[in-house]
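*Asks:* the following block contains a protein sequence and its predicted model.
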Amino acid sequence: MNATTPLLRVDSLSVAFGAAEPVVSGVSFDVERGRCVAIVGESGSGKSVTARTILGLAGASARVDAARLDFDGTDLRGLGEPAWRRLRGRRIGLVLQDALVSLDPLRPIGREIDDALRLGTGLSRGERAERVLEVLEAVGMPEPSSRVGQRSGELSGGLRQRALIASAIALDPDLLIADEPTTALDVTVQARIIGLLDRIKQRGAGLLLISHDLAVVSSIADHIVVMRGGAVVEQGPAAEVLTAPKHPYTQALIDAVPTDRPRGARLSKGRATTPDAMAGPTPRTPIERSAAPAIEVRGVTRVFDRSGGATPIRAVDDVSLRLEPGTTLGVVGESGSGKTTLARLALGLTTPQSGTVLFEGGPWSEAPERVRRSRRHRLGWVSQDPLSSFDPRWRVGAILTDAARGRGTADPDTAKPTVAELLTDVGLDPALERARPRTLSGGQRQRVAIARALAGRPSTLILDEPVSALDVTVQARILDLLDELQERHGLSYLLISHDLGVIRHMSDRVAVMQHGRVVEYGDTEQVFTAPRHPYTARLAADAPRLTRPPTGSGADAV
């Protein structure tokens, strides 16, 4: 094929499963050599189904129809499995979001890459070993010669993702499909992965990037395809789509990105809760707030021993912080910086070796559990993955009833009104009390998790990566909800995240952690606009940004 012919041409692609209506309908786009096409949209928009169909992986029950589905002159419609095996890996590479699931946990990453080379090339064993090191170095893997013998479970999320990309590019495919390759990664790791994908594009490969995050997409895409409900609602050159979106849904995606949005600005259309939820079905008792700091951490250190006589890990090292009542203190840093250990110390689930934690002016870390138990209902917790924290046998009503009863705020005879109040408070239909968590959407599950945290009518919530796994528009609604709840109930938040956009938008003060220490601490805008520590400056520089069009009538129509 000549250089002007698209590497991949998709024309009027539709995909259905069984007798159901199509989940992808009428999708068309081209991917050219040395160019990146990004497909953006929320979960369920059809992005991943489109990508898997291009690879012939839609599944045996899939009904695929297209006017054209061509890759470099090869008609992919009706292609047999032997022909697909010659294309996958060799000509078309695939990078998935979850490297821990995609990589074999029993095989070292060097073996994983070597198998692709053994099956796809005629290289000798020695030549393959050299190529393995070459691609690991190309993806920025530190000390590749020592990493080849490590399994995926021994690597951080960023290193696992680089290993997965190394496996996908080992055969120099002409087209690389990357399906949410940076979701939930630290901002610095995310920047490195995007830089790597950009270098692959610059070498002449076509890149199809699947993402829900327009801030990430804007840094690499040449052309953007916006999908919603299985159909394309808008597409065009990246600069045009980002600066002059034609469809209200595209505008909503842009508005939902929290980066550079001022404290208190709404990210989603309307209220995060219904008007009735502002009052609730029954009046809420005002939260009693202490005049002392909600949480005070004084010189806390927590060290964990390592097996084999290795040097112990100083997960938290002489940290001091104050969370003032009714405010939000953001804690930001990369994986391994000590954020989650700090959260466990604040919750009283981990004991410091030195220093102390105070809660509402009273002893907390040094208090015996029988003393803490009577005050625990005043301290709520919301995690990143609510589904794994719910009992799968229980319905939503049972989860909330148990939380309220366990914190001494509800009698079993009056559990149903309490459940209705909690659900309404977070903008959910009280009828959902009969639903099981696995049947709820990600946003609904996170609202249930927040309702559970509110069951004891706490004064303080500890939020550990509460939105990192959510679509950008769902994330926006949850962040708006947290703002509303704080304003309504006077809550204090200790917000932990690796996402600087979320931290800056939500926090009054911020602490930046690196290697267990707080390297910068102060008012949010001061820290972000004039960082004193080079690590903070690097985090701020790596945060993905997009050029925001002015909010107009399109956004109002969402």
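*Replies:* Yes, it's here.
*Asks:* residue 187 against residue 545, yeah?
*Replies:* No: using CB atoms under 8 Å, residue 187 and residue 545 do not qualify as a contacting pair, with a distance of 11.0 Å. Just so you know, the C-beta spots here come from the backbone N, C-alpha and C atoms, and that holds for glycine as well.
*Asks:* so the two - more neighbours on which side?
*Replies:* Comparing residue 187 with residue 545 by other CB atoms under 10 Å, the one with more neighbours is residue 187, at 23 against 13.
*Asks:* OK, contacts around that one?
*Replies:* With contacts defined as CB atoms under 8 Å, 6 or more residues apart in numbering, the neighbours of residue 187 are 334, 498, 499, 500, 539, 542, 543, 544.
*Asks:* let's see that with 10 Å instead.
*Replies:* Residues in contact with residue 187, defined by CB atoms under 10 Å, 6 or more residues apart in numbering, are 332-334, 497-501, 538-544.
*Asks:* need the phi and psi values for it.
*Replies:* Geometry field for residue 187 lists phi and psi as phi -60, psi -40, criterion degrees, to the nearest 10.
*Asks:* now do it against residue 227, distance only.
*Replies:* Here the criterion is CB to CB, to the nearest Å. By it, residue 187 lies 26 Å from residue 227.
*Asks:* check contacts around the closest residue to residue 435 other than its chain neighbours.
*Replies:* When the adjacent residues along the chain are set aside, residue 435 lies closest to residue 396, with 5.3 Å between them (CB to CB, 6 or more residues apart in numbering). Residues touching residue 396, when contacts are defined by CB under 10 Å, 6+ apart, comprise 390, 419, 422-423, 428, 430-437, 439-440, 444-445, 448, 451-452.
*Asks:* the same query, at a cut-off of 8 Å, please.
*Replies:* Taking CB under 8 Å, 6+ apart as the definition of contact, the neighbours of residue 396 are 419, 423, 432, 433, 434, 435, 436, 437, 440, 448.
*Asks:* from those residues, which land in helices?
*Replies:* 419, 423, 448 (DSSP state H).
*Asks:* any of those buried? List them.
*Replies:* Restricting these to buried positions leaves 419, 423, 448, with burial counted as 16 or more other CB atoms under 10 Å.
*Asks:* residue 14 falls within a strand, correct?
*Replies:* Yes: note on residue 14: a strand contains this position according to DSSP: H, G, I helix; E, B strand; the rest coil.
*Asks:* neighbours around it, how many?
*Replies:* By other CB under 10 Å, 19 other residues sit near residue 14.
*Asks:* ok, it to residue 338 distance?
*Replies:* Residue 14 is 49 Å from residue 338, where distance means CB to CB.
*Asks:* quick check: pLDDT value at the residue nearest to residue 435.
*Replies:* In this model, residue 396 is scored at 95, pLDDT.
*Asks:* got it, and residue 278?
*Replies:* Per-residue confidence (pLDDT) for residue 278: 40.
*Asks:* what segments of the stretch 401-550 of the chain are helices?
*Replies:* Using DSSP state H, counting those that start in this stretch, the helices found in the stretch 401-550 of the chain span residues 415-425, 442-454, 472-489, 500-506, 524-529, 534-542.
*Asks:* quick one: distance of the second one to the chain centre.
*Replies:* If I follow you right, that is helix 442-454. Once both centres are worked out by CA atoms, centre = their mean, to the nearest Å, helix 442-454 turns out to sit 16 Å from its chain's centre.
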